[in-house]
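Trainee: Mind looking at a prediction? Sequence and model below.
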Amino acid sequence: MRIVRFQKDGRVFYGVLEGEEIRAIEGDVFDEFVIGDRIVSRGEVKLLAPVAPPNIIAIGLNYKKHADESGQSYPDKPLIFLKATSSVIGPEDTIVLPEAAPDEVDYEAELVIVIGKKAKNVEITEVDNYILGYTCGNDVTARDCQQRLDKQWARGKSFDTFCPLGPWIETGLAHPEQCRISSRLNGEVMQDSSTSDLIFGVRELVSYCSKNFTLLPGTVIMTGTPEGVGFPRKPPVFLKQGDIIEVEIDGIGVLKNRVV
């Protein structure tokens, strides 16, 4: 099932996408809901980020080959950081190069977990009961802030528009740790990997995070990015005005954003 969040006539709704039609959801998507009879065309609405998360938990250096290209050792435990919720945008929205740091903005394709119900101290064997589904994410990062200017990650990861999510939540992803994940910049493949390269898998991450924080319904966990990001390339590749960056995950879909 593909759960979308959309805007029509100035109001925001959740719905289920079936082909090019959306059936509106009645009730609370994170509690009890039914799929209603009201149908709208996908072309008549604006798709939003599929969730408005109360928290964005992100994981660094969680693909072996990405750690390799970054010249860093594999972490013993998940490396957690946070992104501001004000950084969230949806599919087809624009990534804005920030005036304070426009020159070294990088892309990071990520599998994103969407938490379905309140989770605290969850064991690995219980995790599946707490996941609503999965979506695509782009952990946009100002590398100069992250690596040189601030020497920590908060600002460089959290500028407005630096967390594209979408296009929907896929609830039926059978094997989240065996998915092809890729990014394309202006049609050129930049990242092309598999979630099988994750150091810490989906269940490990949810369990670990839940033992450090209460995971509220709608919380998203960005699971890390594979190799092929811009900063280690020779020469480096950074986003610039007019670029189109796409994140694709098999079994979910394509998240597309333009850079301005």
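Mentor: Arrived safely.

Trainee: Tell me the spacing between Cys145 and Phe162.
Mentor: Distance, Cys145 to Phe162, using C-beta to C-beta, to the nearest Å: 11 Å. For every residue, glycine as well, the C-beta is placed using N, CA and C.

Trainee: domain parsing for this protein?
Mentor: What automatic domain parsing lists as the domains of the chain is 1-48, 50-259.

Trainee: Phe231: how many residues sit nearby?
Mentor: Phe231 has 16 neighbours, counted by other C-beta atoms under 10 Å.

Trainee: How about Gly90?
Mentor: Gly90: 21 neighbours (other C-beta under 10 Å).

Trainee: With the one 4 residues further on instead?
Mentor: Thr94 sits with 12 neighbouring residues when counted by other C-beta under 10 Å.

Trainee: Any idea what it is bridged to?
Mentor: Applying DSSP bridges to Thr94 gives these bridge partners: Arg258.

Trainee: surely it meets Lys256?
Mentor: No. Assessed by C-beta atoms under 8 Å, Thr94 is found out of contact with Lys256, at 10.9 Å.

Trainee: residue contacts, Ser182?
Mentor: Contact partners of Ser182, counting by C-beta atoms under 8 Å, 6 or more residues apart in numbering, are Ala109, Val189, Met190, Gln191, Asp192, Ser193, Val247, Glu248, Ile249.

Trainee: OK, contacts around the residue located most distally from the centre of the chain?
Mentor: Distance from the centre of the chain peaks at Asp37, with 30.0 Å (C-alpha atoms, centre = their mean). By C-beta under 8 Å, 6+ apart, the contact set of Asp37 is Arg23.

Trainee: Could you list the buried residues of the one helix or strand it maps to?
Mentor: Taking DSSP states H and E as the criterion, Asp37 maps to strand 33-41. For strand 33-41, a neighbour-count test (16 or more other C-beta atoms under 10 Å) marks Ile35 as buried.

Trainee: now stretch 18-30
Mentor: By neighbour count with 16+ other C-beta under 10 Å, stretch 18-30 contains the buried residues Ile22, Arg23, Ala24, Ile25, Glu26, Val29, Phe30.

Trainee: so how far is that stretch off the chain centroid?
Mentor: 21 Å (C-alpha atoms, centre = their mean, to the nearest Å).

Trainee: same question, stretch 72-83
Mentor: Taking C-alpha atoms, centre = their mean, one finds stretch 72-83 lying 17 Å from the centre of the chain it belongs to.

Trainee: Tell me which helix or strand comes right after the strand holding Asp37.
Mentor: Next along the chain after strand 33-41, taking DSSP H and E as the criterion, comes strand 46-47.

Trainee: And that next one, what does it pack against?
Mentor: strand 2-8, strand 163-170 (3 or more C-beta pairs under 8 Å, 6 or more residues apart in numbering; DSSP states H and E).

Trainee: That strand pairs with which strands, and in what direction?
Mentor: strand 2-8 (antiparallel).

Trainee: So which bits of the partner strand are buried?
Mentor: Quick answer for strand 2-8 (16+ other C-beta under 10 Å): Arg2, Ile3, Val4, Arg5, Phe6.

Trainee: just to revisit the earlier point, now render the buried residues of stretch 18-30 as CSV, adding distance to Leu215, pLDDT and secondary structure.
Mentor: Listed next are the buried residues of stretch 18-30 as CSV, based on distance: C-beta to C-beta, whole Å; pLDDT from 0 to 100; DSSP: H, G, I helix; E, B strand; the rest coil:
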residue, distance to Leu215, pLDDT, secondary structure
Ile22, 27, 97, strand
Arg23, 28, 96, strand
Ala24, 27, 94, strand
Ile25, 22, 95, strand
Glu26, 25, 94, strand
Val29, 16, 95, coil
Phe30, 12, 95, coil
